[in-house]
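Undergrad: coords please:
(chains A and B)
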Amino acid sequence: MTTQDHAIAVVAADTQEPPPPRGQLRLFVDAFASNKLAVAGLVVFVLAILVALTADVISPYDPNAQDLAVRLMGPSAEHWLGTDQYGRDLLSRVIHGTQISLMVGIVSITIATLCGVTAGALSGYLGGFVDDIIMRCMDVLLAFPALILAIGILAVLGPSILNVVIVIAVVSTPQIARITRSAVLTQKEEEYVQAAIVIGLPMHVRLFKHVLLNCLAPITVQATLLVANAIIVETSLSFLGLGVRPPTPTWGTILFEGKDYILLGMWWMSVFPGIAIILAMLGLNLLGDGLRDALDPRIRGADA
Amino acid sequence: MTGTPSLNVVNLKTHFFIREGVVRAVDGVSFSVDQGEVLGIVGESGCGKSITARSILRLVPNPPGRTVDGRIEFEGKDLLELSESEMRKVRGNRISMIFQDPMTYLNPTMKVGDQITEVLRLHLDMNETQARARTLELFRDVNIPEPEGRLDNYPHEFSGGMRQRVMIAMALACEPGLLIADEPTTALDVTVQAQILDLLRRIRDDLNSAIILITHDLGVVAEICDKVVVMYAGQVVEQANVYDLFDEPKHPYTRGLLDSLPTPEHRVDQLKPIPGQPPDLLRIPKGCNFAPRCAYCMQKCIDEEPPFREVAPGHMSRCWLDSVTQTAVAAAE
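TA: Have a look, this model is predicted:
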């Protein structure tokens, strides 16, 4: 472990009155809290989730209510972010878009993580034939650019929110599987795994409890970054008309509807969902980087 | 002190099948340990002592390793014939093992208490409360100070000696019939070594377990073992009780090992190392494995492999000579 960890172990063992030992969780929280950018990322992410959860309460208007009298209005006191070509309130639509975009991102990556971790863990731990089969399947998926593959699958399945979730889960699974496999490959050679065999633990307990517990850090980081990627993919698909269909608001569909009006000077329809996307990306990436730094004992020891 | 045989290993052969050929890491090893007895397995690095231990628990990575022949009789069963799930019930329960480096054999992300209760719940079907109480008891048995507070610590919060105690507590959890200790004191400093050996001695007396102690430290052997097996190049070259072995080593290799030990009379610069290297296990010589390094080597040793025979009551040696102090019986022939 780190020199810091060693120092703690030595102190705990040598003095008569050991200070209360600081657990791994505490060290992680300290490291994370001292990284201002990471905290900013977390704040943005939590705010986005709060907005998504309270969308119906904080939206000033029904996101789908049309009021042709105020169509294509710029930002004003009544409509902070302006209105679109049907007179719908853009702020309400962006807020509701947050709900769908985040939901798609989080649900799809949760599914991808479950599948990817299982596949990667089995692949790395069992090796040989199983490894070959699983990883070759993942390679096939990885061979296509994620977006192209997603477009291809959606073209077959047809556009809907559920299908978008499935597609993003499918294209993200290999990323998680690869990260998990490499972490498991390193961990399974560790001697505590030998010890777990010696005490007679069955294979599934060794793998899914002992080994995976030690692989959580890279998987968490990768999953966080993939949520950002999933939101981008969802936005792109919706923008292309293959994802969530209008009138359901997502950042992608709002952007799509606004694109025809940019050159007419009605910038707000594209800019505000764009800002929402940028903020979410920035937040998630900062959060992911911060988690990686805080979870990696070497980096943590260095700047503590 | 001794009783019924606990473990009986007969003609164990564990080979590694690699691209360059077959490595005969363990080649026809036989020995037995009784309950309440400590057997030492001695030899230099690479002589097959650890692989022998791992073969008993069937932990040799396959491929490339495979136990190709022999019997391992333990509590009326041949371990080599058990299914993998039956074998799991033996590991950690009836036979447990402790390792050289206690730093790395504990899971760094789990509390040490949880790692031990896991064993108890798995093999003895205890519930959480019972298992925790028993773990506390085990921590007391292995002399961990203030055990109550230590259960919820992580391995990195323990010193090396304390971690080895945790490992021993884990190994003792189910009161095993056989404890295999693979160089348990090598990574520890001398005072801690003595405490750990003391602990092992107490385990032998209290639980009447058989103990196999693998080591290259003859001092440790003299300290605790009842019986000694000396291994060289995958074979047992000498077997005797500890007094006979130290007083009257019969095999030239054992003799060499003892001569290379520093004692107050022999300073380090007067030690007699054994010349040469152990043979490449891929290309074992035709005759005696030790012949190329042996000071007593005769033509017969190069031509013909010596049998493993009783040279004195209860004293076995794989050498054409009855004793290294005596002129060759074989040479006279």
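
Undergrad: need the contact list for residue 33.
TA: Let's take chain A. residue A:39 (Cβ atoms under 8 Å, 6 or more residues apart in numbering or on different chains). Where you see a C-beta, it was placed from the backbone N, CA and C, and this is true even at glycine.

Undergrad: try chain B instead
TA: Residues in contact with residue B:33, defined by Cβ under 8 Å, 6+ apart, are B:5-7, B:39, B:178, B:210-212, B:227.

Undergrad: Of the residues you listed, which is the nearest to chain A?
TA: Chain A has its nearest neighbour among these in residue B:178, at 12.3 Å by Cβ to the nearest Cβ.

Undergrad: So what does that closest one have for phi and psi?
TA: Backbone torsions for residue B:178, taken as degrees, to the nearest 10, come to phi -140, psi 130.

Undergrad: Also residue A:248?
TA: The phi/psi pair for residue A:248 (degrees, to the nearest 10) is phi -50, psi 120.

Undergrad: Neighbours of it, how many?
TA: Using other Cβ atoms under 10 Å in any protein chain shown, residue A:248 is surrounded by 17 other residues.

Undergrad: State the pLDDT value of the nearest residue to it once chain neighbours are set aside.
TA: Counting by Cβ to Cβ, 6 or more residues apart in numbering or on different chains, residue A:100 is the residue found nearest to residue A:248 once chain neighbours are left out, at 6.5 Å. As predicted, residue A:100 sits at a pLDDT of 87.

Undergrad: re the thing from before, what about burial for the contacts of residue B:33, which qualify?
TA: Neighbour-count burial (16 or more other Cβ atoms under 10 Å in any protein chain shown) is assigned, among those, to B:6-7, B:39, B:178, B:210-212, B:227.

Undergrad: So which of these sit within strands?
TA: B:6-7, B:39, B:178, B:210-212, B:227 (DSSP state E).

Undergrad: How about residue A:220, nearest residue that isn't a chain neighbour?
TA: Among residues not flanking residue A:220 along the chain, residue A:291 sits closest, at 5.9 Å (Cβ to Cβ, 6+ apart).

Undergrad: Just the element for the one you found, please.
TA: helix A:268-295 (DSSP states H and E).

Undergrad: about what we covered before: which one among the ones in strands among the buried ones among the contacts of residue B:33 gets closest to residue A:85?
TA: Taking Cβ to Cβ as the measure, residue A:85 lies nearest residue B:178 of those, at 81.5 Å.

Undergrad: Ignoring the adjacent residues along the chain, who's closest to the residue of the stretch 1-150 of chain B found nearest chain A?
TA: Residue nearest to chain A within the stretch 1-150 of chain B: residue B:92 (3.2 Å; Cβ to the nearest Cβ). Nearest in space to residue B:92, with sequence neighbours left out and distances taken as Cβ to Cβ, 6+ apart, is residue A:199 at 3.2 Å.

Undergrad: Test my guess that that neighbour contacts residue B:91.
TA: Yes: assessed by Cβ atoms under 8 Å, residue A:199 is found in contact with residue B:91 at 6.5 Å.

Undergrad: re earlier: can you report how many residues neighbour the residue of the stretch 1-150 of chain B closest to chain A?
TA: 27.

Undergrad: burial of residue A:50, as a residue count?
TA: Look at residue A:50: counted by other Cβ under 10 Å, it has 12 neighbours.

Undergrad: That should have said residue A:173, apologies.
TA: Using other Cβ under 10 Å, the number of residues around residue A:173 comes to 27.

Undergrad: try residue A:278
TA: 10.

Undergrad: part of a helix, is residue B:116?
TA: Yes: assessed with DSSP: H, G, I helix; E, B strand; the rest coil, residue B:116 lies in a helix.

Undergrad: show me what contacts it?
TA: Contacts of residue B:116 were listed using Cβ under 8 Å, 6+ apart, and they are B:131, B:135, B:138, B:166, B:169-170, B:173.

Undergrad: rerun at 10 Å
TA: By Cβ atoms under 10 Å, 6 or more residues apart in numbering or on different chains, the residues touching residue B:116 are A:199, B:131-132, B:134-136, B:138-139, B:151, B:166-167, B:169-173.

Undergrad: Residue B:16: which of these is nearest?
TA: residue A:199 (25.1 Å).

Undergrad: and the closest one, what does it touch?
TA: Contact analysis of residue A:199 by Cβ under 10 Å, 6+ apart lists A:206, B:88, B:91-93, B:96-97, B:115-116, B:118-119, B:122-123, B:170-171, B:173-174.

Undergrad: what does residue A:255 give?
TA: Residues in contact with residue A:255 (Cβ under 10 Å, 6+ apart) are A:97, A:235-236, A:238-239, A:269-274, A:276-277.

Undergrad: give me the element the nearest residue to residue B:173 once chain neighbours are set aside is part of.
TA: The shortest distance from residue B:173 to any residue other than its chain neighbours is 4.6 Å, reached at residue B:119 (Cβ to Cβ, 6+ apart). According to DSSP H and E, residue B:119 maps onto helix B:112-124.

Undergrad: that older thread, let's have the contacts of residue A:255 in JSON lines, adding pLDDT.
TA: Below are those laid out as JSON lines (pLDDT from 0 to 100):
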{"residue": "A:97", "pLDDT": "87"}
{"residue": "A:235", "pLDDT": "87"}
{"residue": "A:236", "pLDDT": "88"}
{"residue": "A:238", "pLDDT": "85"}
{"residue": "A:239", "pLDDT": "84"}
{"residue": "A:269", "pLDDT": "84"}
{"residue": "A:270", "pLDDT": "86"}
{"residue": "A:271", "pLDDT": "87"}
{"residue": "A:272", "pLDDT": "88"}
{"residue": "A:273", "pLDDT": "88"}
{"residue": "A:274", "pLDDT": "89"}
{"residue": "A:276", "pLDDT": "90"}
{"residue": "A:277", "pLDDT": "89"}
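
Undergrad: Kindly reformat those as JSON lines containing neighbour count.
TA: Below are the contacts of residue A:255 laid out as JSON lines (neighbours: other Cβ atoms under 10 Å in any protein chain shown):
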{"residue": "A:97", "neighbour count": "30"}
{"residue": "A:235", "neighbour count": "29"}
{"residue": "A:236", "neighbour count": "17"}
{"residue": "A:238", "neighbour count": "29"}
{"residue": "A:239", "neighbour count": "19"}
{"residue": "A:269", "neighbour count": "27"}
{"residue": "A:270", "neighbour count": "18"}
{"residue": "A:271", "neighbour count": "17"}
{"residue": "A:272", "neighbour count": "23"}
{"residue": "A:273", "neighbour count": "29"}
{"residue": "A:274", "neighbour count": "16"}
{"residue": "A:276", "neighbour count": "23"}
{"residue": "A:277", "neighbour count": "21"}
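
Undergrad: possible to save those residues as CSV with distance to chain B?
TA: Supplementary listing: the contacts of residue A:255 in CSV, determined by distance: Cβ to the nearest Cβ, whole Å:
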residue, distance to chain B
A:97, 39
A:235, 37
A:236, 38
A:238, 40
A:239, 42
A:269, 49
A:270, 47
A:271, 46
A:272, 44
A:273, 41
A:274, 41
A:276, 37
A:277, 36
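
Undergrad: out of those residues, who's nearest residue B:295?
TA: Of all the contacts of residue A:255, residue B:295 sits closest to residue A:236, with 79.7 Å by Cβ to Cβ.

Undergrad: Test my guess that that closest one contacts residue A:147.
TA: Yes: applying Cβ atoms under 10 Å as the test, residue A:236 and residue A:147 come out as touching, 5.9 Å apart.

Undergrad: any idea of the mean pLDDT for stretch A:29-42?
TA: Across stretch A:29-42, the average pLDDT comes to 86.

Undergrad: And that stretch, what's buried?
TA: So for stretch A:29-42, counting by 16+ other Cβ under 10 Å, buried means A:31-32, A:35, A:38, A:41-42.

Undergrad: quick one, helices of chain B?
TA: Assigned by DSSP state H, the helices in chain B fall at B:49-56, B:84-90, B:112-124, B:128-141, B:147-150, B:160-172, B:190-207, B:218-224, B:242-247, B:252-259, B:299-303, B:329-332.

Undergrad: Dump the ones you listed into TSV; add mean pLDDT as well.
TA: Putting the helices of chain B into TSV (pLDDT from 0 to 100) gives the following:
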stretch	mean pLDDT
helix B:49-56	88
helix B:84-90	86
helix B:112-124	87
helix B:128-141	87
helix B:147-150	84
helix B:160-172	85
helix B:190-207	85
helix B:218-224	86
helix B:242-247	87
helix B:252-259	84
helix B:299-303	82
helix B:329-332	43
